[in-house]
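Q: need a structure here:
(4 chains)
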Amino acid sequence: MIDKILKTCDQAVEKVFDGATIMLGGFGDPGLPGQLLEALRRKGVKNLAVVHNGAGAGDWALGGLIKDGRVRKVTASFPNNPGAIAFQDLYLKGQIELELVPQGTLAERIRAAGAGLGGFFTPTSAGTELANGKEMRTIDGREYVFEKPLHADFAMIRAHKGDRLGNLQFRKAMRNFNIAMAMAGAVTLAEVDELVPVGGIDPEDVHAPGIFVDHLVHCPRHPKLVEIGPPK
Amino acid sequence: MIDKILKTCDQAVEKVFDGATIMLGGFGDPGLPGQLLEALRRKGVKNLAVVHNGAGAGDWALGGLIKDGRVRKVTASFPNNPGAIAFQDLYLKGQIELELVPQGTLAERIRAAGAGLGGFFTPTSAGTELANGKEMRTIDGREYVFEKPLHADFAMIRAHKGDRLGNLQFRKAMRNFNIAMAMAGAVTLAEVDELVPVGGIDPEDVHAPGIFVDHLVHCPRHPKLVEIGPPK
Amino acid sequence: MKLTRDGIAYRVACDLPDGSYVNLGIGIPTLVSSYLSREKEVQFHSENGILGMGPMAAPGTEDVDLINAGKQYVTMLPGGSFFDHPMSFAMIRGGHITHTVLGALEVAANGDLANWRTPGEKVPGVGGAMDLAFGIKNVWITMTHVTNKGKPKILKACTLPLTAPRCVKRIYTDMALIDVTPEGLLLREVAPGISTADVQANTDAPLRVAKECREMAIPENIRGVALAAA
Amino acid sequence: MKLTRDGIAYRVACDLPDGSYVNLGIGIPTLVSSYLSREKEVQFHSENGILGMGPMAAPGTEDVDLINAGKQYVTMLPGGSFFDHPMSFAMIRGGHITHTVLGALEVAANGDLANWRTPGEKVPGVGGAMDLAFGIKNVWITMTHVTNKGKPKILKACTLPLTAPRCVKRIYTDMALIDVTPEGLLLREVAPGISTADVQANTDAPLRVAKECREMAIPENIRGVALAAA
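A: Purely as a prediction, here's the structure:
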């Protein structure tokens, strides 16, 4: 029998090792695996390379992990979000590495890894400083930049519902990077608002099929992610 | 006001021109735009290049179009399906061109066009005769083949539900190539089992957002596609 | 008189065609949706996987899972849809979104756009800016015509790092509406009370003045559009 | 005695691990799901966008929108999911499907597979065969050990066009179970009543015989598995 449910986030992050590359889902709060990240902080693993759209906010979750000095590199599109104080502080001191990637290219590189592709040509960034040093190619009269897939040892995401097979359903703007990251992570960990029995998610409504998910943990919303209005 | 609904398939195919490249959705019957194809036959347009997984079956829809001598080229993964008699007959006489593409590469090339990518590297077919003449590249120790996007002047698909904004919802195995084709077609035409008012498809359940769809037509199931059991 | 931010947004809203698919950047562009005629049906897109976005959520009705790319709580209109990032950027990069309205630091006469790295910004960030500028056919810029130090922002050539080369199609400022054409910049409208000479004096690239160049039709008393003193 | 098609399928089913994700080709592979122990939970994948497929639909209960890649009417098990082709082949190409069971025309000692172009076939077709062979880690082959003219199908090198080089991990035939290892072919099991010498005599590539080589455990009277005369 397949049972991917673990009791705690601490169990889920147990195998994360020093130096691992970790994808973190979410765009803003929706889909952010805040409690897995807090477990990772408790574990104290170090020298991490993180792939995430931003660079954390405040001193919680990714912000906290960076503040704790656990992250050596961030691959992100928007690390200058106003809340990313811990990152910006270390970056200005030269103590953390940044790979800046346009948001659509970031999403597509993650998907390419999950889909087993060796890379792709995108028009985005051609002729700008973000294409410096990259392979260029003119295809059908347009300039393109070659981009490689982004793989990860671990992907951590948050979903709305999950079952013991690992099937995940998201809610509204929670999907963002999370499906592609679930595909790209060698090991994918998910925290979910709600556990449902197998069959509790209609096959039409499974957004990330369980094949991409290794472990999931039931996590009520973190206190810092208060439900402001009632979900519709 | 956006209203993409047309009354008849004949109206929908009106702008299809001689020599056009046309993507046809469906894998087997689910998602096959049989009535748009029949309208295309009535229109009598010729010299078409068709992108489809197979090469038609019997003398209906794509099979009929090929039998009528309207198709100059088929890009497909499985043109040797037993029912593709019209194609096989013309192919053996040297009267129709074939571009044979592995099924996953076909799907990915269509998606690449819809997603604005210039091409990608896939491991599939490296070292086989289907990679003959193609650019090869070793990436991280593995051999890959370069594949270009597949664009189309028109994409024709079938969906389950649609609204006047062009939003489409599929049912079970209907999705197959259809979402990617809707993205890749310069003009996308859809036939649907059912028209619903705007809001009749939950935003979580829209599989092909209306942005990809230009026109849709309400088409009850074709007599040759009898509903065998009651839909759940 | 120079237009207010709302005045610029109003002018943009007049030009968005019925049936367009639009991604609005932060700042002035965000205001555009408020001035859209009810006769037009436009679907608004957000990078984080939303098409068919409605207005900001009223206080007390926010849904924690429903934010826009600026991380504000928003609402959905009937006929909207949710999807993931690869799909969202396929809409952008694949040319499906028809219009994007963006802010700018500099625009060059050939349509080059610089809007992602502010001078002196120490931590870089690009977000979806390049994807929008490269992928969308109608890149429309809204900005003040000059910097707060009075320096022109429309230039012969950009001095800041580019977001995308030759992407801007139209510029809406507090002084003018200017099209970027293969023959260079074309001044099409001026703000009420602003002369074509004023516009040229504040623009560091040559402007051709369109034959039909006219004063912008900005109603003086439409809700929220107050004309500020120049 | 050589195994029947069902006997081969039964033997494969014994080896599929609990929790595996499996794509079954047409022919003998299709039979595998019937012999899977109920103690094991395996999700079956179909190229046309299905994970968690159940048995064939009983007559009268077919759903016209629910077919497998062989275009047969199938059913869904609880916990399944529907998706589109790009996602379906991402599962294959990206190495997420753990096992595929395929038929073959020829297999070479180095794991080269030929199963997409039959000799004399005038209209070529590849379907998803290459994607499966390139993308999935455990490519298991089921086939008769020799052609219907008695010629070996396991060869030093393939003569037919390759589906994928060096992809096959294990071969299940009506005579033997053979692993493809970096050191060449390793004979691990023989069908009841077949000797290792018989197997080598029908194989056109050198076989090493595993120390623990044994007769396959195929119950004589399990439902549907009748052993045919050799």
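
Q: which non-adjacent residue is nearest A:Ile5?
A: A:Arg164 (5.2 Å; CB to CB, 6 or more residues apart in numbering or on different chains). Every residue, glycine included, has its C-beta placed from N, CA and C.

Q: over to A:Gln88?
A: Here the residue nearest A:Gln88, using CB to CB, 6+ apart, is C:Val123, at 4.8 Å.

Q: look up how far B:Lys67 lies from the one you found.
A: Distance from C:Val123 to B:Lys67, counting by CB to CB, to the nearest Å: 64 Å.

Q: re earlier: just give me the neighbour total for the residue nearest to A:Gln88.
A: 16 (other CB atoms under 10 Å in any protein chain shown).

Q: three-state assignment of it?
A: Classification of C:Val123 using DSSP: H, G, I helix; E, B strand; the rest coil returns coil.

Q: do a quick rundown of the strands in chain C.
A: Here chain C has its strands, by DSSP state E, at C:21-24, C:43-46, C:50-56, C:74-82, C:99-102, C:106-108, C:113-114, C:138-143, C:154-155, C:168-173, C:176-181, C:184-190, C:207-215.

Q: next, the buried residues of the last one.
A: Yep, that's strand C:207-215 we're talking about. C:Leu207, C:Ala210, C:Cys213 (16 or more other CB atoms under 10 Å in any protein chain shown).

Q: next up, the contacts around the last one.
A: Same thing as C:Cys213. Contacts for C:Cys213 were tallied using CB atoms under 8 Å, 6 or more residues apart in numbering or on different chains; they are C:Leu187, C:Arg188, C:Glu189, C:Val190, C:Thr196.

Q: the second one too?
A: Under the criterion of CB under 8 Å, 6+ apart, the neighbours of C:Ala210 are C:Asp179, C:Leu186, C:Leu187, C:Arg188.

Q: now the two most distant members of these.
A: Pairwise distances across the contacts of C:Ala210 (CB to CB) peak at 8.3 Å, for the pair C:Asp179 and C:Leu187.

Q: so which of these two has more stuff around it?
A: C:Leu187 (20 against 16).

Q: for chain C, which residue occupies the most central location?
A: With distances taken as CA atoms, centre = their mean, the residue of chain C nearest its centroid is C:Val101 (2.8 Å).

Q: is it true that A:Phe120 lies in a helix?
A: No: according to three-state DSSP, A:Phe120 belongs to no helix; its state is strand.

Q: quick one, longest helix in chain C?
A: If you go by DSSP state H, chain C has its longest helix at helix C:5-15.

Q: that helix - what's its average pLDDT?
A: What helix C:5-15 shows for mean pLDDT is 95.

Q: got it, and stretch C:101-118?
A: 97.

Q: endpoints of it, how far apart?
A: 18 Å (CA to CA, to the nearest Å).

Q: identify the residues contacting the closest residue to C:Leu132 other than its chain neighbours.
A: Nearest residue to C:Leu132, sequence neighbours excluded (CB to CB, 6+ apart): C:Thr100, at 4.6 Å. By CB under 8 Å, 6+ apart, the contact list for C:Thr100 reads C:Val22, C:Asn23, C:Leu24, C:Gly25, C:Ile92, C:Leu132, C:Ala133, C:Ile136, C:Asn138, C:Val139, C:Trp140.

Q: separation between C:Thr100 and chain A?
A: 13 Å (CB to the nearest CB, to the nearest Å).

Q: then C:Leu186?
A: For C:Leu186, the distance to chain A - CB to the nearest CB - is 24 Å.

Q: I figured that residue hits C:Asp179, correct?
A: Yes: using CB atoms under 8 Å as the test, C:Leu186 is close enough to C:Asp179 to be in contact (4.5 Å).

Q: mind listing the strands for chain A?
A: Under DSSP E, chain A gives strands at A:5-6, A:21-24, A:48-51, A:71-76, A:97-100, A:119-122, A:136-139, A:142-147, A:152-162, A:168-169, A:185-195, A:215-218.

Q: helices or strands up against the last one?
A: Looking back up the chat, that one is strand A:215-218. strand A:5-6, helix A:9-12, strand A:152-162, strand A:185-195 (3 or more CB pairs under 8 Å, 6 or more residues apart in numbering or on different chains; DSSP states H and E).

Q: which of the ones you listed sits most buried?
A: strand A:152-162 (a mean of 26; mean count of other CB atoms under 10 Å in any protein chain shown).

Q: tell me which strands that one pairs with, and in which orientation.
A: With DSSP bridges as the test, strand A:152-162 is paired with strand A:21-24 (parallel), strand A:168-169 (antiparallel), strand A:185-195 (parallel).

Q: what residues does the residue lying closest to C:Ala205 once chain neighbours are set aside make contact with?
A: Distance criterion CB to CB, 6+ apart; nearest residue to C:Ala205, sequence neighbours excluded, is C:Ala109 at 3.9 Å. Contacts for C:Ala109 (CB under 8 Å, 6+ apart) come out as C:Ile154, C:Leu155, C:Lys156, C:Ala157, C:Val180, C:Gly184, C:Leu185, C:Ala205, C:Pro206.

Q: of these, grab the buried ones for ChimeraX.
A: A single ChimeraX command selects the buried members of these (16+ other CB under 10 Å):
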select /C:154,155,180,185,205
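
Q: in TSV: the contacts of C:Ala109, plus pLDDT.
A: Shown next, in TSV, are those (pLDDT from 0 to 100):
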residue	pLDDT
C:Ile154	98
C:Leu155	98
C:Lys156	98
C:Ala157	98
C:Val180	98
C:Gly184	96
C:Leu185	98
C:Ala205	98
C:Pro206	98
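
Q: now, which of the contacts of C:Ala109 sits nearest A:Arg72?
A: C:Ala157 (38.2 Å).

Q: so, low pLDDT: which residues of chain C?
A: For chain C, applying pLDDT under 70 flags the ranges C:221-230.

Q: tell me the residue of chain C that sits nearest chain D?
A: C:Pro86 (9.4 Å; CB to the nearest CB).

Q: do I have it right that that residue meets A:Glu108?
A: Yes: C:Pro86 lies in contact with A:Glu108 (CB under 8 Å); the separation is 6.1 Å.

Q: anything in contact with each of these two?
A: With CB under 8 Å, 6+ apart as the test, C:Pro86 and A:Glu108 both reach B:Ala115.

Q: thinking again about what came up before, which one of the strands paired with strand A:152-162 lies nearest to A:Gln103?
A: strand A:21-24 (14.4 Å).

Q: contacts for the closest one next, please.
A: A:16, A:32-33, A:37, A:40, A:48-52, A:62, A:110, A:150-157, A:177, A:181, A:184-185.

Q: CA atoms only: put it into CSV for me.
A: C-alpha atoms of strand A:21-24 as CSV (Å, rounded to 0.1, in the frame of the first residue of the first chain):
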residue,chain,number,x,y,z
THR,A,21,19.4,22.3,-3.6
ILE,A,22,15.9,23.0,-2.4
MET,A,23,13.0,24.4,-4.4
LEU,A,24,10.5,26.4,-2.4
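
Q: and the closest residue to A:Phe87 other than its chain neighbours, how far from A:Arg175?
A: Excluding the flanking residues, the one nearest A:Phe87 by CB to CB, 6+ apart is A:Ala55, at 3.6 Å. Between A:Ala55 and A:Arg175 the distance is 21 Å, computed by CB to CB.

Q: which one's more surrounded, these two?
A: Legend: neighbour count by other CB under 10 Å for A:Ala55 and A:Arg175, higher for A:Arg175 (33 against 30).

Q: same list (the strands paired with strand A:152-162) but as CSV, adding distance to D:Ile50.
A: Formatted as CSV, the strands paired with strand A:152-162 follow (distance: least, CB to CB, whole Å):
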stretch, distance to D:Ile50
strand A:21-24, 27
strand A:168-169, 17
strand A:185-195, 21
